[in-house]
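Chemist: coordinates only, sequence not included:
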Ligand SMILES: Cc1ncc(C[n+]2csc(CCOP(=O)(O)OP(=O)(O)O)c2C)c(N)n1
Ligand SMILES: Cc1ncc(C[n+]2csc(CCOP(=O)(O)OP(=O)(O)O)c2C)c(N)n1
Ligand SMILES: [Mg+2]
Ligand SMILES: [Mg+2]
């Protein structure tokens, strides 16, 4: 199968839906500009015209309401936000209106709406340009929350999200946009609300999503070398959360670690661990664990920011601790020298 | 000690701080109006004048920014929101700005700011007038989150919140405003970040906060009659969360139930249970449990809304289940006939 | 109310529609104390002329959105009375089966798309509605009602900016009743503020008129919408006044947040009385004819209440339904 | 730069300050490729006249707030160059010890209170600052710089409304550089929009001028602030142009989101060249004098870079410090 980048997978899914259903449109700051939202909307304007692909003023809240209005009329808007922080301005429309509309109207109206939010770390972004607020949205009944980790999933989950008749918050970690993966040319859907078991094992369950899935995959390789076999669950969707897949796995392995993509206090990992505890607490062989982003506002300087994020070593070490083992540094590959960039080709400025 | 209502305790704390420190002011929709935010700001305008106590246009986000600006200049604003839903419009200022300001400026500026948010159920409010979003704020480093359950705590916690040099989100459940309790006339502070053990027992730990504390207190009485002794922890603060008090209690009782004041998915109870599980999971005699609001948009009609909320019976039943016991209906007092009002004197309209 | 359709005389229809709203609202106020309509209600008494003056010139296929104070708009747009009362009583016969309550009226058949209680929130939603119609080459109109308080919100301005930029055929109707809850304009808006200038600064035409005269409202509305047939947004501001308390069934004159003289001045300018007097003076309407209409109206209203009271509630399983759409 | 203080001639001072900003910015652009300033940078090259025209007439005790593109405002207000560069390098000598980065400059000693990258967010914060001063009877000024893009945000309008209502002595400076990132005004604002009318509709005086003429900027600014001594808010809009890419150290003409002719037209109107030519033509300044200044400036800048590069980073424990204030 051909390999393409994550950002191109997003673009392909969008282009497919735009061509398949003329009710779909894309709106967002910078959507038709030369950078095309990290390459995810490149040339869509040229291909589909300015009624389907367009920019907007800096009106995040208003634009969300406008999208809701078009959705009520049967359209299927996709909104993009280059940082989740900009979307915070539109929480009112997302949470009070879009999320509840179908229930409030007793099913008479629906809001098929995809809101793409770019999250994650990088290059001195500072406290207001790198948050990961998945848990906020997952707390709200009526929203769906999706978070792909691979180009394949990005395409399939985005198509499903656009076809879904509900408001879907679609989180893209910035460091994934440039990653490569196998992606079929034809269209396909990945069901929302179902997790994906990426690796099968018996000793421990590792649960994660988004960018941390890519790091966890490497951790699993290393752990395998140390004869620890891992069930690696990539959540794909955070809401609805696939409790069944999680529970089945943990029932088997009896050990579990959740690698959060955000802050761990009151975070996604808290929900997962609490669910496991209420159902399987007394069957576990070791106390469950969560790791994730340090609970601080993320500083701009790379020298402090680097301590905020879990990495390969943190994950491997945490798993080994469940078995009372220590990590052998020799077995860990060299870390990317600069922990504030996704790869060595990245030269800034954002 | 004299008994006063919760709303008067809030007013007393506010008036005390207004008179003690002329940097304190109160701003919010309806603050000086005849209803005075459910009686909590009654006549403060007359007492302190229009430069200290005032209304505002319908500009929740702008007003929060304005308050932050005054806080940078050394003032100590108190903002009020009659429903947490209105405050959603100001999440950007609260979360990107106020919460991170001190850290972002490397400690050079601080934001002493209290934002009072009224939460909770009632009288056909519908999906947009009854949410309890404590967990959102608790997820954010740099915020403090406080939620009193009694008039005594309301006064002491509000004074501490106003004196605190950080942004404090102060949650008041609407059904508490008319409750009575002992409140000293003089001023006093209750430390933020410390939970309160309301009842001591050995069999089970019951953790809760805000309105659900009042229901849980009744549950404990009933459980005591059934020879189940309970450690009842009222959190008082949700952030910083008093993990130590929780862990100490659960270490003793080895059984725990968390009664959430909001939705249980990705909620406050998830954080608490996950923390217990990571630290004490393997010592528990029964799997921990969470109960709270059904994970649905709350309908207006009382006939559906009533199923959304845990009540005395739910709590007692849940605790008994930990001991494989069933509830004896005879021992439960008659429930208030109308589950959509806080007491029989309530006649609407909001 | 079917009868209205056969009343050829448009003036009479306007008066009757205003009476209909007022009598429904007063009946809600009356029955509210029975504690069976267990939700907040924001009544429209005093403001009937705006709703009627606009909606009488809308077609069924035109769309209306509103906010917390929406009964008048819903009724004037032809929303089902039975469904509205059912909703206030929280019953399954309600327009949202009781899930919404008074602050979330909807009647898609009548073109009443939505009302929500967060001030300002339906403004962009309405702009989106109108814009979708333009994109779909649907020429029916979209009207959003808002209070003057809502013009303070950020999202109001964002919505105007977008509507002007994309030439969205949205019709804004602002009912300026001087108050946001208990707070007078003077405590919320600078005396130097001009809504007209703001709206026109955004690039949108602004019309202003007496919101207590149903004739003024409808003639200004027709003039303004004519001017803006080629998709441009247009803004109407009408001065009017709410008689009862902001939320709830009662007068609130004892609270003294507004001068008695102000209240009585506005009551003297009652949109119904002044117009009724005119129609009678001009011989367009007779007392007897009006009496007959009011009797029929009374029966219609009482029956709708009876039906609402008699209806059942949704059963528990509906709580968990329709959270997500299939 | 101490020397500026002893330059009696105000025109020279204005030119020198503009040069100072430009040369600092170009030096940042030059060193950026070394990959040691690892944060986004929004450079101000082309827009120096607004910053200098305003800040030269502010006192140290006056306050300035800005947004993502704040280097010019910070420098013009007298912010420490060493601290700014330290911040861009993420070092503990930075104005926020590296915690903020380029988008969060602060220098309280210089009266530069804050800059944040969320568009619009410092506008209400600045209104609050000015308002606190009024309440505290502190007569120093408060100035907030914003882009024309920020005038689209809801919070901008909310802030204007509040400032007008409470007569808050805030000074808004809008730099209209035609673009929000790569998006031209025409794709964001209706051709029928008038910022002047909007601002005046809110009840606030609006002044407009050539933002590439430091003389125009300062004379209009002085005129406007005189008019508004008694606490009223006042709004200034200046037309100007950004030369480099929105974010980052490079030209971006290859991206073709703006016409080459537009860029070169604006470069011909360079605020520095035009003013320099004038001063030389009028004999106020000699080439030699200027050369001498630029040499000294160069040394100052290079030394500040050296210091920033040499400084240390904060150590790990600082990550957990100052999350809460005591
Ligand atoms: C965002 C928001 N803030 C505050 C409120 C509380 N509130 C309900 S109605 C209202 C007054 C609105 O005034 P206006 O728009 O003039 O409408 P009117 O009630 O006069 O019809 C307010 C402030 C709200 N519902 N939403
Ligand atoms: C609320 C918000 N939305 C979007 C962005 C992304 N963004 C950063 S700068 C910018 C352009 C702002 O334009 P303008 O205010 O004119 O300032 P300029 O860059 O031209 O100086 C945008 C849209 C943001 N930072 N904040
Ligand atoms: Mg009003
Ligand atoms: Mg600009």
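Modeler: The structure has been received and is ready for your questions. Given the structure is predicted, the values throughout are model-derived calculations rather than measurements. Ligands and ions are numbered 1, 2, ... in the order given.
Chemist: how many other residues sit next to the closest residue to ligand 4 within the stretch 1-150 of chain C?
Modeler: Per CB to the ion, the residue of the stretch 1-150 of chain C with the smallest distance to ligand 4 is residue C:124, at 23.2 Å. (C-beta placed from N, C-alpha, C; glycine too.) By other CB atoms under 10 Å in any protein chain shown, the residues close to residue C:124 number 33.
Chemist: That one: what's it in contact with?
Modeler: A:61-66, A:68-69, A:93, C:155, C:158-159, C:162 (CB atoms under 8 Å, 6 or more residues apart in numbering or on different chains).
Chemist: ok, and of the residues you listed, which contact ligand 1?
Modeler: When CB under 6 Å from any ligand atom is applied, no member of the contacts of residue C:124 is adjacent to ligand 1.
Chemist: Out of these, flag the one nearest to residue D:232.
Modeler: Nearest to residue D:232 among the contacts of residue C:124: residue C:158, at 25.7 Å, using CB to CB.
Chemist: who's in contact with the nearest residue to that closest one once chain neighbours are set aside?
Modeler: Leaving aside its sequence neighbours, residue C:158 sits nearest to residue A:62 (CB to CB, 6 or more residues apart in numbering or on different chains; 2.9 Å). For residue A:62, the contacting residues are C:124, C:127, C:155, C:158-159, C:161-162, D:154, by CB under 8 Å, 6+ apart.
Chemist: State the pair within those residues that is farthest apart.
Modeler: Every pair of those checked by CB to CB; the farthest is C:127 and D:154, at 13.4 Å.
Chemist: who has more neighbours, these two?
Modeler: residue C:127 (32 against 28).
Chemist: Look through the stretch 51-200 of chain A and state the residue closest to ligand 3.
Modeler: For the stretch 51-200 of chain A, CB to the ion, closest residue to ligand 3: residue A:92, 19.8 Å.
Chemist: Relative to ligand 1, how far out is that residue?
Modeler: Per CB to the nearest ligand atom, to the nearest Å, residue A:92 is found 7 Å from ligand 1.
Chemist: pretty sure that residue belongs to a helix, no?
Modeler: Yes: assessed with DSSP: H, G, I helix; E, B strand; the rest coil, residue A:92 lies in a helix.
Chemist: In contact with it: list those residues for me.
Modeler: Per CB under 8 Å, 6+ apart, neighbours of residue A:92: A:61, B:85, B:88-89, C:118, C:121, C:155.
Chemist: pLDDT value on the residue of the stretch 1-150 of chain C closest to ligand 4, please?
Modeler: For residue C:124, the model assigns a pLDDT of 99.
Chemist: Point me to the helix or strand that includes it.
Modeler: helix C:122-135 (DSSP states H and E).
Chemist: now the chain, which segments are flagged as low pLDDT?
Modeler: Using chain A. Along chain A, the parts satisfying pLDDT under 70 run over A:335-337.
Chemist: Actually, chain C is the one I wanted.
Modeler: C:1-8.
Chemist: how about residue C:285, what does it touch?
Modeler: Contacts of residue C:285 by CB under 8 Å, 6+ apart are C:11-12, C:15, C:276, C:279.
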